[in-house]
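Trainee: Predicted model, plus sequence, below.
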Amino acid sequence: MAVEKHMAEEALRANEQRTLELYISAQHQAQEIALLERVRTAVAGELDLKGVIRTVVEGIAETFGYPLVSLYMRQNDRMLLEHQVGYADVIKEIPITTGILGKTVRTGRAILLGDIHTDRDFLEAIPGIASEVCVPLFDREQVVGALNVESYPEMKLTEADLRLLTALSENISIAIGRARLYTEIRESEERYRSLFQNASMGIFHSLPEGKFIQVNLTLAKMFGYASPEEMVSSITDINTQIYVDTKKRPELLEATQKQDDWIYAENCYRRKDGSIITANLAIRKVLDSDGKLAYLEGFIEDITERRRIEEAEAVAEWRKEECTVWARSYAGIPIHFMGAVVGFINLYSATAGFFTPAHTERMQTFANQIATVFANSRLVEELQKANARLLAQLSEIQALQNELREQAIRDPLTGVFNRRYLKETLDREIARVHRVSQPVGIMIMDIDNFKLINDTYGHRAGDLILQALGELLKNNIRLEDIACRYGGEEFVVVMPGASLQTANERAEIIRSRFEVLRVAYESWNIHATVSLGVAAYPLHGSNSEEVLIRADRALFRAKQEGRNRVVVYQDTIRSPFNPQEK
């Protein structure tokens with residue numbers, strides 16, 4: 001009896017010790033998650049690249065208590081220090097062919113040195129360093145930098161630090177990519193503004209109702225204003241304040257509505273001081289995202305002086321003709337197209353005083369009709385080139401903005417949506433299907449033994465497994481379904497309109513197809529499986545949070561029952577962290 005009692009007491013003490021270790025481990029993980037979220041939040045608030053890097057380095061040092069933190073960015077075949085905390089003396093430039101930093105950048109893998117003396121590649125910046133963790137940073141699937149943490153003997157870095165910094169590096173990479181896009185957009189917009197303001201021709205954007213949105217300095221000076229701001233604020237009705245012939249602008253507006261190409265015209269315009277100028281106009285419509293007219297953009301070239309000189313020269317030349325010997329009265333109208341005299345209409349009469357203003361008005365109408373058959377290739381080409389430059393800048397800005405928006409909601413590694421997008425859309429989807437009394441199926445999945453894959457084959461292999469699962473999800477869900485990376489190796493699929501049975505069947509399809517998948521990496525064909533938990537709204541909860549919790553509990557049960565299986569939530573499944581939960 002004494003022996004049995006002793007054995008029972010030993011077993012009880014061992015069980016208590018294991019329980020305590022599990023509790024401490026769970027508590028440490030909860031602290032890591034909370035601290036990780038603090039750094040993620042800080043990084044998410046930065047758009048300037050240098051600000052992102054400074055926030056990352058200082059935030060990691062302060063939040064996690066690491067004594068030595070540095071971040072390097074790649075520039076061709078060298079790594080340049082961007083920011084550091086804790087170093088009295090630091091290596092500012094490292095070739096990618098040397099050091100742990102160089103190895104991380106070359107291989108794209110995170111490296112843990114529990115003891116720096118075990119690796120000959122270690123570069124000692126300051127004496128006394130005992131361990132090091134270096135993780136790569138990616139942008140557009142290319143290594144663009146590395147985050148490096150070093151410590152002294154009293155704080156030896158472990159696998160836990162490697163996992164923490166690897167998880168954090170994903171958010172840092174996203175922040176760096178977002179900051180890079182922001183910088184490119186800002187630089188592109190600056191180039192566009194420079195082109196707009198320094199163009200040799202007048203450029204404007206105006207509203208259909210007759211108000212300028214913006215004009216460049218060339219146009220403002222052309223019309224006698226001291227600045228673009230003065231011209232925009234002074235002109236409230238373009239048609240009555242600018243056009244000499246108030247019928248012209250409505251005609252141009254109607255013409256732009258009928259075609260997508262540029263409309264060319266020669267008009268007389270009124271300057272601020274009331275004087276009249278002649279100018280060539282090229283104008284076209286710009287549509288908004290709904291295909292509706294947003295504004296008009298155009299170019300204006302002042303040809304007043306050119307017209308005066310050309311008309312004087314033309315009249316002098318043609319009056320040398322022999323007919324002027326007998327002529328007693330004359331009427332002449334030059335034919336203009338885009339600022340150049342391309343012909344001339346001459347009328348002579350032997351009767352003095354024969355021609356009246358009515359003749360010249362009819363001649364002008366006829367000359368305008370003739371002018372439409374001519375093409376001014378020089379000006380057209382100049383306008384087209386300037387427009388092409390502006391369009392290229394606008395397209396570049398639009399593409400960068402679209403990429404920035406896409407990065408904000410997409411997981412850069414797998415291509416599926418991210419957790420932020422899930423939070424934004426799940427409540428909306430549940431509210432939508434609630435109105436039409438439809439269910440929403442939800443599956444949460446987790447790659448089995450993912451840490452073992454990383455430890456065995458390296459983090460690059462783990463990334464390929466994650467990408468393979470992301471690709472499989474995109475190819476095996478409906479268009480209305482939403483696949484998201486929930487965090488780490490966890491994914492969520494939201495299936496609007498899908499019942500619990502349908503969600504279970506689709507989860508089994510995902511499980512079975514992933515099970516037979518093989519991922520090629522170096523000399524291996526890596527095999528992995530996935531466990532899935534399934535729940536549905538409104539059967540398992542009145543809101544998104546409740547349904548996600550129950551799907552997660554079903555996933556935990558799938559892990560308990562041996563992995564590589566689908567488990568549908570039942571009321572008998574309780575939280576793994578609180579067995580007493582009712």
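Mentor: Now that the structure is in, tell me what you want to look at. As the structure is a prediction and not an experimental result, all values here were calculated from the model.

Trainee: CA only for contacts and neighbour counts going forward, please
Mentor: Will do.

Trainee: Which residue ranges make up the domains of this structure?
Mentor: 2-176, 199-302, 306-371, 410-568 (automatic domain parsing).

Trainee: what does the helix or strand encompassing Ile277 rub up against?
Mentor: Here Ile277 sits within strand 276-287, counting by DSSP states H and E. Strand 276-287 is contacted from outside by 244, 256-257, 260-271, 293-304, 307, 338-339, 383, using C-alpha atoms under 8 Å, 6 or more residues apart in numbering.

Trainee: Mind doing that once more with 7 Å?
Mentor: Strand 276-287 is contacted from outside by 256, 260-270, 293-304, 338-339, using C-alpha atoms under 7 Å, 6 or more residues apart in numbering.

Trainee: And for stretch 522-534?
Mentor: So stretch 522-534 is contacted by 442-448, 503-504, 507, 511, 514-515, 517-520, 551-552, 554-555, 558-559, 563-569 (C-alpha under 7 Å, 6+ apart).

Trainee: low pLDDT regions in the stretch 101-250 of the chain?
Mentor: Applying pLDDT under 70 to the predicted model, the stretch 101-250 of the chain contains no residue that meets it.

Trainee: what about the strands in it?
Mentor: Using DSSP state E, counting those that start in this stretch, the strands of the stretch 101-250 of the chain run over 111-113, 131-139, 142-151, 202-206, 212-215.

Trainee: Can you select the buried ones among the contacts of stretch 522-534 for me in PyMOL?
Mentor: Command for PyMOL, covering only those of the contacts of stretch 522-534 found buried under the criterion 16 or more other C-alpha atoms under 10 Å:
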select buried, resi 442+443+444+445+446+447+448+503+504+507+511+514+517+519+551+552+554+555+558+559+563+564+565+566+567+568+569
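
Trainee: From the contacts of stretch 522-534, which land in helices?
Mentor: Ala503, Asn504, Ala507, Arg511, Phe514, Glu515, Ala551, Asp552, Ala554, Leu555, Ala558, Lys559 (DSSP state H).

Trainee: ok but Ala331 is inside a strand, no?
Mentor: Yes - counting by DSSP: H, G, I helix; E, B strand; the rest coil, Ala331 is found in a strand.

Trainee: What does the closest residue to it other than its chain neighbours show for phi and psi?
Mentor: Leaving aside its sequence neighbours, Ala331 sits nearest to Leu347 (C-alpha to C-alpha, 6 or more residues apart in numbering; 5.1 Å). With angles defined as degrees, to the nearest 10, Leu347 sits at phi -130, psi 130.

Trainee: For Ser275, see how far away Leu347 is.
Mentor: Distance, Leu347 to Ser275, by C-alpha to C-alpha, to the nearest Å: 30 Å.

Trainee: Those two: which is more packed in?
Mentor: Leu347 (15 against 10; other C-alpha atoms under 10 Å).

Trainee: Please tell me how far that one sits from His359.
Mentor: Leu347 sits at a distance of 10 Å from His359 (criterion: C-alpha to C-alpha).

Trainee: Give me the distance between Thr183 and Leu147.
Mentor: 21 Å.

Trainee: what about those two, which has more around it?
Mentor: Higher neighbour count among Thr183 and Leu147: Leu147, with 26 against 16, using other C-alpha under 10 Å.

Trainee: Identify the residues contacting that one.
Mentor: Leu147 sits next to Ser70, Leu71, Tyr72, Cys134, Val135, Pro136 when contact means C-alpha under 7 Å, 6+ apart.

Trainee: Who wins on neighbours among the residues you listed?
Mentor: Pro136 (30 neighbours).

Trainee: isn't it right up against Ala110?
Mentor: Yes - counting by C-alpha atoms under 7 Å, Pro136 touches Ala110, with 6.1 Å between them.

Trainee: Overlap of the contact sets of these two?
Mentor: What both Pro136 and Ala110 touch, as defined by C-alpha under 7 Å, 6+ apart, is the set Thr104.

Trainee: Quick check: the closest residue to Ile111 other than its chain neighbours vs His540, distance?
Mentor: Of all residues not flanking Ile111 in the chain, Cys134 sits nearest, at 5.3 Å (C-alpha to C-alpha, 6+ apart). Note on Cys134: its distance to His540, by C-alpha to C-alpha, is 43 Å.

Trainee: In the protein, what helix or strand scores lowest on average pLDDT?
Mentor: helix 2-44 (a mean of 61; mean pLDDT, DSSP states H and E).

Trainee: after it comes which helix or strand?
Mentor: Later in the chain than helix 2-44, the nearest helix or strand by DSSP H and E is helix 49-64.

Trainee: Next, the angle strand 142-151 makes with that following helix.
Mentor: Using axes from the mean of the first three to the mean of the last three C-alpha atoms, to 10 degrees, one finds that helix 49-64 and strand 142-151 are set 30 degrees apart in direction.

Trainee: tell me the average confidence for helix 49-64?
Mentor: Helix 49-64 shows a mean pLDDT of 83.

Trainee: For it, output the C-alpha coordinates as CSV.
Mentor: What follows is helix 49-64, C-alpha atoms only, in CSV (Å, rounded to 0.1, in the frame of the first residue of the first chain):
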residue,chain,number,x,y,z
LEU,A,49,9.5,54.1,-45.4
LYS,A,50,12.1,55.6,-43.1
GLY,A,51,9.3,56.0,-40.5
VAL,A,52,8.3,52.4,-40.9
ILE,A,53,11.9,51.2,-40.3
ARG,A,54,12.4,53.4,-37.3
THR,A,55,9.1,52.3,-35.8
VAL,A,56,9.9,48.7,-36.3
VAL,A,57,13.4,48.7,-34.8
GLU,A,58,12.5,50.9,-31.8
GLY,A,59,9.2,49.1,-31.2
ILE,A,60,10.8,45.7,-31.2
ALA,A,61,13.6,46.8,-28.8
GLU,A,62,11.1,48.4,-26.4
THR,A,63,8.3,45.9,-26.7
PHE,A,64,10.2,42.7,-26.5
